[in-house]
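Visitor: please work out how this folds:
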Amino acid sequence: MRARAGQAVVAPDACTVVFAHRIAGRPVLSLRCRGVRLTFEPVRAEAATGERMSPGAVVGRVAHGGHCEGSCVHWGAKVDGRYVDPMSFLMPRAPVLKPRVTARPAAGARAGPAGTCC
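Guide: Presented below is the predicted three-dimensional model:
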């Protein structure tokens, strides 16, 4: 995901910090939230391992490291030890309804029964 260095990373729910260390020179933060393990990298932890965090609490900040150098965060999720798509935990976007298009018939053409096209 896009991010900027120093940007706050917040707990998405009531979570416990389960890992806050460096891996391969990059700061990594993992949270356990209601049975889901979320991992963020590169994120410098502002909470200690074992600390319980309330929803919205700042748990860390986007750091430098990796290929995007402070302009992105890698985000992973596991449930029961299996990787899952972390995007599935985001609020779904509401559908966008497009307005009905009413076409005007070309000169000399006959319109359909409702006078609409397509």
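
Visitor: mind showing which ranges of this protein have poor pLDDT?
Guide: 93, 101-118 (pLDDT under 70).

Visitor: elements contacting the host helix or strand of residue 16?
Guide: When elements are assigned from DSSP states H and E, residue 16 belongs to strand 15-23. Judged by 3 or more C-beta pairs under 8 Å, 6 or more residues apart in numbering; DSSP states H and E, strand 15-23 is in contact with strand 26-33, strand 36-41, strand 52-53, strand 58-62. In this view, the C-beta of every residue, glycine as well, is placed from N, C-alpha and C.

Visitor: distance to residue 12 added to the ones you listed, as TSV?
Guide: Listed next are the helices and strands packed on strand 15-23 as TSV, based on distance: least, C-beta to C-beta, whole Å:
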stretch	distance to residue 12
strand 26-33	6
strand 36-41	7
strand 52-53	10
strand 58-62	10
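
Visitor: would TSV of the ones you listed with mean neighbour count be doable?
Guide: Formatted as TSV, the helices and strands packed on strand 15-23 follow (neighbours: other C-beta atoms under 10 Å):
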stretch	mean neighbour count
strand 26-33	20
strand 36-41	20
strand 52-53	16
strand 58-62	21
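
Visitor: can you say which of those is nearest to residue 2?
Guide: Smallest distance to residue 2 across these (C-beta to C-beta): 10.0 Å, for strand 58-62.

Visitor: other SSEs contacting that closest one?
Guide: Strand 58-62 sits against strand 8-10, strand 15-23, strand 26-33, strand 43-45, with contacts defined as 3+ C-beta pairs under 8 Å, 6+ apart.
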